[in-house]
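S.K.: Have a look at this prediction, sequence included:
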2 protein chains.
Amino acid sequence: MNFFQEKAVTSSDKTFFQLREEIVEGHISAGSKLSEVELSTKYEVSRAVVREAINRLEACNIVERKANVGARVVTLTSDGLLELYQIREALEGMAARLAAQNMPDAEINQLSSLLEGQQDEVKQRNVYYQEAGDLDFHYRIIVGSQNQQLITMLSNGIYHLARMYRVQLGMTGPRVTTAYDEHIHIVRAIANRDGELAEILMRRHIQYSKNNIAVKLSNMK
Amino acid sequence: MNFFQEKAVTSSDKTFFQLREEIVEGHISAGSKLSEVELSTKYEVSRAVVREAINRLEACNIVERKANVGARVVTLTSDGLLELYQIREALEGMAARLAAQNMPDAEINQLSSLLEGQQDEVKQRNVYYQEAGDLDFHYRIIVGSQNQQLITMLSNGIYHLARMYRVQLGMTGPRVTTAYDEHIHIVRAIANRDGELAEILMRRHIQYSKNNIAVKLSNMK
DNA sequence: AATAACAAGATTGTCGACAATTTATTTGTT
DNA sequence: AACAAATAAATTGTCGACAATCTTGTTATT
């Protein structure tokens, strides 16, 4: 599930991961208040480690904090979704461009064959692809950019927030086949070392998936 | 100086700002270790607030921390510079595109007249422009994007790291006039509501300034 | 002499308690 | 009854102390 394996060495790490998961998966609902004492009893750690975890979540834009008042889980809005996907478009577009420059041939081949392997599943509309496969695809390209700061930004911060939107809007299953085709074309551009095209295609790909979510979100309201 | 005024309400805020400034301005040298006890005596606060400040600096990519070992100020490398400017190119390019969409006419006019006011100074190569004027220009466009997450990302994190490179490589003064012309063209594109062009021009503008710094950096080595 | 095991020192991680601030409740006045 | 001020409760911010971990220096063994 976690492609970028993060191992919790410290107690604060563990609390951070747990808390993040509960929020992203919706077990702690969006907009709710995060009481430090409450959480410290729940996770059986001191308030200090809870504070540190909350601070880290704030840096990820998953919670908002006001001095002397407290922290709240962010609320999911259509504006926020739009903003997030504009950022993803810019950063992942750049990642695709850089991957076309920097990604080793071996990794490109792996990615190619990964997609080929998914082809059968996709054609019979297996749900697996959308969740894990799509993620794996994006993550490999991000890593392929070989821009460490970009990798950190996307996989530590933006990714989890994006997932929070997807999970809590119940995005599972749809748009599988078209997304698959888009993936194919992106990889082809990267394999051809055409950064310009890779970026354009990735940006379109993200625009499409944004529209897909935005529709769902407006339906729910 | 600080366009985005941040006011320190808590003691931890103040320490964070002080520490960040000392690092960015080079009074605490790049790559040096940040001892919690040392800093807590220096700033006359408890270790807890120093820890919190360091955590925030870590989120800004200004320091790196290893569990049970400690935090170090990041080292400035040509790779790091390249990575940073790739990110700036992506994000500020997007900001320019969004500004062309969303920036109110009044703000565009203000920006326009701001540039006109700078024209005279620039022609006699006044140093003022490069530092404050360039910053003001970029910041106004970022705000004009009206993407709150983008604004936060750029002005809280990336901006300070970029400044750290500029300050510590002694980038003051050069490239004034050409940068000024680039600014003019970008604003024109925004005024014409041509997001496509605004993004392209902004990206070029950032590429140029990256090259400018990269040359300096390779000369120093 | 080189390496490994061990011990001493220093640094970070975690905790509970107190201080400062905010929020909720009560009291008092018109 | 409505509003304001004062008070009480709860929450966050800060602190110093202890525990766990890493680093350094020493000793012992081959």
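M.R.: Received the coordinates, thanks. The shown structure was predicted, so the numbers you read here are calculated from the model rather than taken from an experiment.
S.K.: So is stretch A:10-20 next to DNA strand C?
M.R.: Yes. Using Cβ under 7 Å from any atom of the strand, stretch A:10-20 reaches DNA strand C at A:Thr10, A:Ser11, A:Ser12. Where you see a C-beta, it was placed from the backbone N, CA and C, and this is true even at glycine.
S.K.: just the CA coordinates of that stretch, formatted as PDB?
M.R.: Taking Å, rounded to 0.1, in the frame of the first residue of the first chain, the C-alpha atoms of stretch A:10-20 are listed here in PDB:
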ATOM      1  CA  THR A  10      10.200   7.400  17.100                       C
ATOM      2  CA  SER A  11       6.900   7.400  19.000                       C
ATOM      3  CA  SER A  12       6.000  10.700  17.500                       C
ATOM      4  CA  ASP A  13       6.400   9.200  14.000                       C
ATOM      5  CA  LYS A  14       4.000   6.400  14.900                       C
ATOM      6  CA  THR A  15       1.400   8.800  16.200                       C
ATOM      7  CA  PHE A  16       1.800  11.000  13.200                       C
ATOM      8  CA  PHE A  17       1.200   8.100  10.800                       C
ATOM      9  CA  GLN A  18      -1.800   6.800  12.800                       C
ATOM     10  CA  LEU A  19      -3.400  10.200  13.000                       C
ATOM     11  CA  ARG A  20      -2.800  10.900   9.400                       C
END
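S.K.: And it, what's buried?
M.R.: Neighbour counts over stretch A:10-20 (16 or more other Cβ atoms under 10 Å in any protein chain shown) mark A:Ser11, A:Ser12, A:Asp13, A:Lys14, A:Thr15, A:Phe16, A:Phe17, A:Leu19, A:Arg20 as buried.
S.K.: who touches that stretch?
M.R.: Here stretch A:10-20 makes contact (Cβ atoms under 8 Å, 6 or more residues apart in numbering or on different chains) with A:6-8, A:28, A:39, A:43, A:45, A:49-50, A:52-54, A:56-57, A:60, A:62, A:160, B:67-68.
S.K.: Look up how far B:Ser46 lies from whatever residue of chain A ends up closest to DNA strand D.
M.R.: Nearest residue of chain A to DNA strand D: A:Gly70, at 3.2 Å (Cβ to the nearest atom of the strand). A:Gly70 sits 21 Å away from B:Ser46, going by Cβ to Cβ, to the nearest Å.
S.K.: mind checking pLDDT for A:Asn192?
M.R.: At A:Asn192, the pLDDT value in this model is 98.
S.K.: There's contact between A:Lys33 and A:Val69 in this structure, I believe.
M.R.: No. At 9.4 Å, A:Lys33 does not count as touching A:Val69 under the criterion of Cβ atoms under 8 Å.
S.K.: In terms of neighbours, single out the busier of the two.
M.R.: Shown here are A:Lys33 and A:Val69; by other Cβ atoms under 10 Å in any protein chain shown, A:Lys33 has more neighbours (12 against 8).
S.K.: quick one: pLDDT of the residue lying closest to the more buried one once chain neighbours are set aside?
M.R.: Nearest-residue entry for A:Lys33: A:Arg72, 5.3 Å, with adjacent residues in sequence omitted and distances by Cβ to Cβ, 6 or more residues apart in numbering or on different chains. The model reports A:Arg72 with a pLDDT of 98.
S.K.: isn't there a helix covering A:Ile151?
M.R.: Yes. Membership of A:Ile151 in a helix is supported by DSSP: H, G, I helix; E, B strand; the rest coil.
S.K.: which parts of chain A sit against chain B?
M.R.: A:9-10, A:13, A:48, A:51-52, A:55-56, A:59, A:61, A:67-68, A:80, A:83-84, A:86-87, A:89-91, A:93-94, A:98, A:147-150, A:152-153 (Cβ under 8 Å from any Cβ of the partner chain).
S.K.: so which of these are also by DNA strand D?
M.R.: Okay, of those touching DNA strand D (Cβ under 7 Å from any atom of the strand), that's A:Ala48, A:Arg51, A:Ala67, A:Asn68.
S.K.: out of these, which one sits closest to A:Ala132?
M.R.: Set against A:Ala132, the nearest of those by Cβ to Cβ is A:Arg51 (33.3 Å).
S.K.: mind checking the SS state of that closest one?
M.R.: helix.
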